[in-house]
Structures are given as structure tokens and as C-alpha cells.
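Participant: Give me coordinates for this.
(2 chains)
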Amino acid sequence: MIDTNPEKINEFLTRGVELILPSRDFVESQLNSNKQMTVYLGIDPTGPTLHIGHAIAMKKLAQLQNLGHKIILLMGDFTAKIGDPTDKLATRKTLTTEEIMDNLKNYKQQASKIILFDGDNAAEIKFNSEWLGKMNFSDVLELASKTTVQRMLERDMFQKRMGEGKPIYVHEFMYPLMQGQDSVAMDVDGEIGGNDQLFNMMMGRELLKDSGKEKFVVTVKLLADPTGKKMGKSEGNMITLDDSADSMFGKIMSWSDGMIISGFELCTNIPREQILNIELAIQNNENPIQFKKQLAREIITIYHSADQAVDAQNNWEKTFSEGGLPDVVPEINEEQGKLLSEVLVENGYLESKGEFRRLTDEGGIKIINDDLSEEKITDFQYKLSETVVLKIGKKKFVKVIVI
RNA sequence: GCGUCGGUGGUAGAGUGGUCAAUUACAACAGACUGUAAAUCUGUCGCCUCCGGGCUACGUUGGUUCAAAUCCAACCCGGCGCACCA
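Facilitator: Numbering: from 1, shown residues only, chains lettered A, B, ... in the order given. The predicted structure is shown next:
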């Protein structure tokens, strides 16, 4: 039942791991003890999609599942309503139960690419509203009495806000406690999470110590290049697990070269030796683009399929390296003689006519002829006379059919 | 409650009567270049325009003024400090 294959355990303890508490030795001996452990990963269901950052932590869960341990995916439906102070965005809109259920449906489908929800040792999904929602005020007080304001203030986040004279609300102190309470309520042996969740996860350790249990915490590295620049929504290259193959390919190609290695380590199952080879090759000035393409294919294979990965690459190369057309170009029907600027604004391709003017000034709107030659539109009063295939900027394509 | 500081474009953050559609940075977009949708460089970056200009915007509502993001008043929202309470 419990697998103690040393190689697998080693893989779990090292790959993509940032920090292990209380110690690597402790966790290793636990994993070797033939006892089934319960380990969880908490996700706040704030949006409809999981992103690749979630996937990195889920991969660690999957490794434990594969070793025969029990894994729980915890939906922070209750905590999501409060908002994690780790996120500097102070207020999150509160989600209705329906929205949460909706998000969950998608999560399960997306997560199932990585962890198993059926079979003997199926992953379990839990909701923390189940216990947090039932606590009354004296329960909360008791929980709050387990830690001190000083402990809370240790957080970088809070220190920073104090320094900047920004507000810290009392309920924000509750967030780590709530997350800690999750560990207690589920009586887990361990928790996986991103390195940014360390503080919150340590709270669970502290609370469980009260009942004499040593909970372990494994934090995974965040996907970032060596300069520490994170991948994220603000960088615009955040991959969500339901992105199309084409879109994933494009986003991965826009990662900086420095992210290739950690991408392989964190997001794929490629063996370490191969990753080392790639690292060496890049150091030897081999063109990184081939490895980046490989990385993109590997990742797409996990979430879509190997065939789609190849298609996505072909599509991408055709479109961007060779300046051709993607396989699918959206079409709109319009009457003859209409201003192209109006057509594009009405169909949501451009924000305003002013934008159209700028683009024509800059040569950003082109007609693509059948032989793939391009012809810039420079007249902002351009009127439709015949069906044209347009390239707007470098990413947008549209076929305007004149009827 | 009192005092004090503040609320500006997608974000951060300048501006403190006209030269302000509003410095700058980031983000975004385009062009050049490139192995790349990377980096770098250049340009653009409220809406409309018959390219003259017009319109809408600096918490809200009023006011002063030829002229307000900028001054005044009230209100709303927020920070910090103090007091009250305990």
C-alpha cells in the first residue's frame, strides 16, 4: 500500500522544493514508516481557473498520492471570503456559494490532469467552511489566544505596511489562524504550499503542536527566473490550466530564457539528468529557443495531449516565425463601403477609432494576400470593398467578409 | 468626538489658480531588430474629429473666478494621532 521507493521519496523531497519543516530528515523518516499520511494543499477558489502555480504544488501532492498517501485538496471557500493578506489587493469580492461551486467544478476537471480523483486512493476535496463556518465567537477567541500579536507582526507584509503607514486590520490577523485551524480540523500530517504561504502554513504547525502532533510543511519554489522576476498575472504570461494549447505555447515562448530550467523542474516530469543536460547545453551557448519549445511541448502534453503540443508548435511557427496565418482566423461579415475603423471597433478588435488611427500611422494593420504578402493599410478612412484577411498588430487576425 | 494628513488616469505616484488630457515609472499597444509573442531601441498610450478643434475626466455636491485637479464650503470615504470607554 505505502510505497517507500527511495528514488520516488527523494524526488518528492528535492524537486522544486524550497523548504521543508521541521526538517528533511523528519519527513523522510515519516515517508519511510509505512504509515499512511494525510497531506493537503489549500486553494482559495477566487477565480474560475487554476494556474500553473497551483499545478506546481499539486504535482507534489500527486507524488505523495503515488506513494500511497492520502491527499486532500482543500477549497478555502470560507477563507476566500476574508482575503489573504498575502495578496496586497485588500478587498476581494465575496463569492456566492454558486460561484464557488462553479469554480470547483472547473478546478476538479483541471486538477484531474495532475492528481487522481478516482481509484483506490482517490484525492479528497474538502471545504473549510465546513468547520470554520461553524465556529462561534468563543471558539474564535480560543483560537486567537494561541498566538500573539508579536508573532503576527513578524510577517514581512505587516512590517512593511506598518512602515508605510498603511492599515492592518484585525481580521487580517485571523487569516493565518483560520488556515492553521484547517490543519487541526482535518488532523493532517503535512501540508504543501507555495513558498509565499510559509507563514500561514507555520501557523498550522503551531496549532497542531498543541495536540502533540508534528505537522510537516513542504514549500515549493515559485516559478521565476534567476533575477527573481516572478511569472504572474501582472506579467501577462500566467498560464492557466484551461488555456488552449496555442495560447500556452505562446505564453511559454514569451518566458524569459532564464525561466527555462525552473520551468522544466517545476512544471514537467522530465528526469533531472535531462534537465541538467539542457542546462549545460544552454551554458554552452546552444540556442535556447529549441529548449523553450520543448518545454512548451512538455507542458502542453500534460494538460492537452502530445498531438496538440505538436500542432501548437506548428501553428506558432507558422504564425510568428514565418509570418504566416494561424490555422483558424475568426471571421466577421460586413457590408461593403463601411469604414474599417468602425467595423473593428464594433467587433471588439480595437478600443476606439483613435486606436485605429494610431495603428494605421504605425503600420500595424495589414492586409494579408493569398500569397501571404502583406500590405499595410495607411488610410484611416479605409472603406471595405472586398473580403480581406487582416493582421492587427502581431497577434490579432481577422477575416472581414464583405457581403 | 477632536486634531491632522489624504482621496488624481489600468496601477504607483507628481501637480496645488491659466502654459494640464494632467510630469514620471510600471503595465499595455505598435514599429524596428531578433532564435522568440524574450531582451533592447523607437513611437503610441481618455473619447470624437470635416485635423481647425470639440467633448468628458483629478471622491461628491455646490460656490468664488474671465479661468479650478489646484481656492472656499458642506458632505462621503480612508490613514495616523489623541480623547472617550474599558
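Participant: can you list the weak-confidence ranges in chain A?
Facilitator: Residue ranges of chain A with pLDDT under 70: A:46-47, A:81-97, A:99, A:163-167, A:224-237, A:321, A:323.
Participant: how is it carved up into domains?
Facilitator: A:6-220, A:233-321, A:331-402 (automatic domain parsing).
Participant: Quick check: nearest residue in space to whatever residue of chain A ends up closest to RNA strand B, chain neighbours excluded?
Facilitator: Of all residues in chain A, residue A:393 sits closest to RNA strand B, at 1.9 Å by Cβ to the nearest atom of the strand. (Each C-beta comes from the backbone N, C-alpha and C, glycine too.) Leaving aside its chain neighbours, residue A:393 sits nearest to residue A:364 (5.2 Å; criterion: Cβ to Cβ, 6 or more residues apart in numbering).
Participant: mind listing what that neighbour touches?
Facilitator: Contacts here follow Cβ atoms under 8 Å, 6 or more residues apart in numbering; on that basis residue A:364 touches A:358, A:392, A:393.
Participant: Any of those buried? List them.
Facilitator: Neighbour-count burial (16 or more other Cβ atoms under 10 Å) applied to the contacts of residue A:364 gives residue A:392.
Participant: Turn the contacts of residue A:364 into TSV, including secondary structure.
Facilitator: Compiled in TSV, the contacts of residue A:364 are given as follows (DSSP: H, G, I helix; E, B strand; the rest coil):
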residue	secondary structure
A:358	helix
A:392	strand
A:393	coil
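Participant: could the contacts of residue A:364 go into CSV alongside distance to residue A:351?
Facilitator: Output for those, formatted as CSV (distance: Cβ to Cβ, whole Å):
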residue, distance to residue A:351
A:358, 10
A:392, 12
A:393, 12
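Participant: Using PDB, write down the CA coordinates of stretch A:51-60.
Facilitator: The C-alpha trace of stretch A:51-60 is given here as PDB (Å, rounded to 0.1, in the frame of the first residue of the first chain):
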ATOM      1  CA  HIS A  51      -2.900  28.400 -12.900                       C
ATOM      2  CA  ILE A  52       0.400  26.800 -13.300                       C
ATOM      3  CA  GLY A  53       1.500  27.900  -9.900                       C
ATOM      4  CA  HIS A  54      -1.200  25.700  -8.400                       C
ATOM      5  CA  ALA A  55      -0.100  22.900 -10.700                       C
ATOM      6  CA  ILE A  56       3.400  23.000  -9.200                       C
ATOM      7  CA  ALA A  57       2.100  22.400  -5.700                       C
ATOM      8  CA  MET A  58      -0.400  19.800  -7.000                       C
ATOM      9  CA  LYS A  59       2.400  17.900  -8.600                       C
ATOM     10  CA  LYS A  60       3.900  17.500  -5.200                       C
END
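Participant: Just the buried positions in it, please.
Facilitator: Using 16+ other Cβ under 10 Å as the test for burial, stretch A:51-60 gives A:51, A:52, A:53, A:54, A:55, A:56, A:57, A:58, A:59, A:60.
Participant: now, which of those lie within helices?
Facilitator: Residues of the buried residues of stretch A:51-60 located in helices (DSSP state H): A:52, A:53, A:54, A:55, A:56, A:57, A:58, A:59, A:60.
Participant: among these, which two are most distant?
Facilitator: Greatest spatial distance in those: A:52 and A:60, 13.7 Å, computed using Cβ to Cβ.
Participant: Next, count neighbours for residue A:112.
Facilitator: Here the count is done by other Cβ atoms under 10 Å, and residue A:112 has 12 residues near it.
Participant: same deal with residue A:70?
Facilitator: Neighbours of residue A:70 using other Cβ under 10 Å come to 17.
Participant: Residue A:397 - that's part of a helix, no?
Facilitator: No. Counting by three-state DSSP, residue A:397 is not part of a helix but strand.
Participant: So it is in contact with residue A:391, correct?
Facilitator: Yes. Counting by Cβ atoms under 8 Å, residue A:391 is a contact partner of residue A:397 at 5.6 Å.
Participant: list residues touching both of the two?
Facilitator: residue A:368.
Participant: what sits against residue A:18?
Facilitator: A:195, A:219, A:220, A:221.
Participant: before we move on, back to that, out of the contacts of residue A:364, flag the one nearest to residue A:20.
Facilitator: Nearest to residue A:20 among these, counting by Cβ to Cβ, is residue A:393 at 46.1 Å.
Participant: looking at it, the closest one is touching residue A:359, isn't it?
Facilitator: Yes. Between residue A:393 and residue A:359 there is a contact under Cβ under 8 Å: 7.2 Å.
Participant: Give me the common contacts of those two.
Facilitator: By Cβ under 8 Å, 6+ apart, no residue touches both residue A:393 and residue A:359.
Participant: And for chain A, the residue most distant from the center?
Facilitator: Largest separation from the mean C-alpha position in chain A: residue A:337, at 45.4 Å (Cα atoms, centre = their mean).
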